[in-house]
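Participant: Here is my input; please provide its structure:
(4 chains)
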Protein chains: 2
Amino acid sequence: MAARTTSTGASAARERLLQSASELFYREGIHAVGVDRIIAEAGVTRATFYRHFPSKEDLVEAYLGVEDANIRGAFDAAEASGAEPRQLVGLVIEGLADDVARNHTRGCPFINAAAEYPDPDSGVRRAVGEHREWFRSELETLLTAAEVEAPEQAAGQLVLLRDAAMVGGYLDGWERVRPAFVAAATRTAGLEA
Amino acid sequence: MAARTTSTGASAARERLLQSASELFYREGIHAVGVDRIIAEAGVTRATFYRHFPSKEDLVEAYLGVEDANIRGAFDAAEASGAEPRQLVGLVIEGLADDVARNHTRGCPFINAAAEYPDPDSGVRRAVGEHREWFRSELETLLTAAEVEAPEQAAGQLVLLRDAAMVGGYLDGWERVRPAFVAAATRTAGLEA
DNA sequence: TGAGAAGTAGAACGATCGTTCTATCTCTTT
DNA sequence: AAAGAGATAGAACGATCGTTCTACTTCTCA
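Facilitator: Predicted structure coming up:
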């Protein structure tokens, strides 16, 4: 094999492709961004694109994979901080709020993608579903460790709250949504005391 | 003026166009549905289409206008029922839940449209913003009449809850979301007692 | 009765969609 | 030195995008 590869083993062209696509897909929407735009932004030719991704939809799934990996990384970092369970839940809620305020001002990548992919059997929707299920069960684990009562129900409610924060932050502005989110989330997680 | 018009004064062709477009836009997404599909479904020619709508985006705005009118109609009907304020709030919450369960199983038309229209100054986003602001203030009026404390905050939270219910109902299934929504909404509206 | 708006029919516009192709060049590995 | 994978360059595919156009018909209201 040839070509410049990064330390992770992935090719440089592929990574540039993925990063350009991620930015464009998130900022402008998926159907609105053509392959030409992506390869121009990445400084890559069509042939190179199709060598790494069999179709545009594979690139879309890879984009969601990056978003998924980012969030999992943030969770891992929080868990590695050595905080005790109840404190950890607070950190996660703060982290979610920070994420909406800083990184995800155009809404939730998964919700937005799902809006453009109605077919529940498509690869995109499967990626969305898997991410949501992971997120939900991760929260449940955290809440169980923090000895919150009814952790399963609370986890489901926190997923909903995050959806609402993402949507509301995008459409109404985060400043208007933040107090409601923080109040509801801390109460749901049993941290108000 | 000629042509078959309905009792409301709008032309029959325009109404068929609008209905076909509404179904297609909601079910499959906006960018994913071309003008050809819409006119074929409506049994209308391109010329007729562009006689009634200067561009596709005007049709999109009209589509959101229909959705907006439907919800306002539902609110008007509830208010005309003669129920007392606190009862009315309960009816509205029930109505929202019913709407998600029956009519809006593909998510919120406004949230989905916003996912495809990043430009906050576009006509589509303006329509989304106006609907949301109307919805919020309508809830605040209702909650104020019902003598709920902090009606402004409660109204904002109910908007978020509806967003969450729409998104969650679409992506996770309404059965999984319903209990969390009803519980949170009745508590937020001060009806749990 | 005649003006005029709304409808039908269908060709055509340039632009972009996602995708495939051939050909050449540049590396790394064996 | 030879093989082969990856990247580059650029033309080309058919299909669809949103939009405009001409020409003809039909109906209503002044």
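
Participant: interface residues of chain A facing DNA strand C?
Facilitator: Chain A comes close to DNA strand C at residues A:1-2, A:31, A:33-37, A:46-47, A:50, A:54-57, as judged by Cβ under 7 Å from any atom of the strand. Every residue, glycine included, has its C-beta placed from N, CA and C.

Participant: Next, give phi and psi for residue A:15.
Facilitator: With angles defined as degrees, to the nearest 10, residue A:15 sits at phi -70, psi -40.

Participant: again, but for residue A:117
Facilitator: The phi and psi values for residue A:117, taken as degrees, to the nearest 10, are phi -130, psi 90.

Participant: name the element the closest residue to it other than its chain neighbours belongs to?
Facilitator: Taking Cβ to Cβ, 6 or more residues apart in numbering or on different chains, and ignoring the residues beside it in sequence, residue A:117 has residue A:124 as its nearest neighbour in space, at 4.3 Å. Secondary structure from DSSP states H and E places residue A:124 in helix A:123-145.

Participant: next SSE after that helix?
Facilitator: With DSSP H and E, the next secondary element past helix A:123-145 is helix A:151-172.

Participant: list the helices and strands that following helix packs on?
Facilitator: Using 3 or more Cβ pairs under 8 Å, 6 or more residues apart in numbering or on different chains; DSSP states H and E as the contact criterion, the elements in contact with helix A:151-172 are helix A:85-102, helix A:109-116, helix A:123-145, helix A:174-188, helix B:109-116, helix B:123-145, helix B:151-172, helix B:174-188.

Participant: give the contact list for the residue lying closest to residue A:185 once chain neighbours are set aside.
Facilitator: Counting by Cβ to Cβ, 6+ apart, residue A:185 lies nearest to residue A:93, which is 4.8 Å off, once chain neighbours are set aside. Applying Cβ atoms under 8 Å, 6 or more residues apart in numbering or on different chains to residue A:93 gives the contacts A:158, A:182, A:185-186, A:189, A:191.

Participant: Selection in ChimeraX covering whichever of these are buried, please.
Facilitator: To isolate in ChimeraX the members of the contacts of residue A:93 that are buried, counting by 16 or more other Cβ atoms under 10 Å in any protein chain shown, one can use:
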select /A:158,182,185,186,189
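
Participant: would TSV of the contacts of residue A:93 with pLDDT be doable?
Facilitator: Formatted as TSV, the entries for the contacts of residue A:93 read as follows, by pLDDT from 0 to 100:
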residue	pLDDT
A:158	95
A:182	91
A:185	93
A:186	91
A:189	89
A:191	84
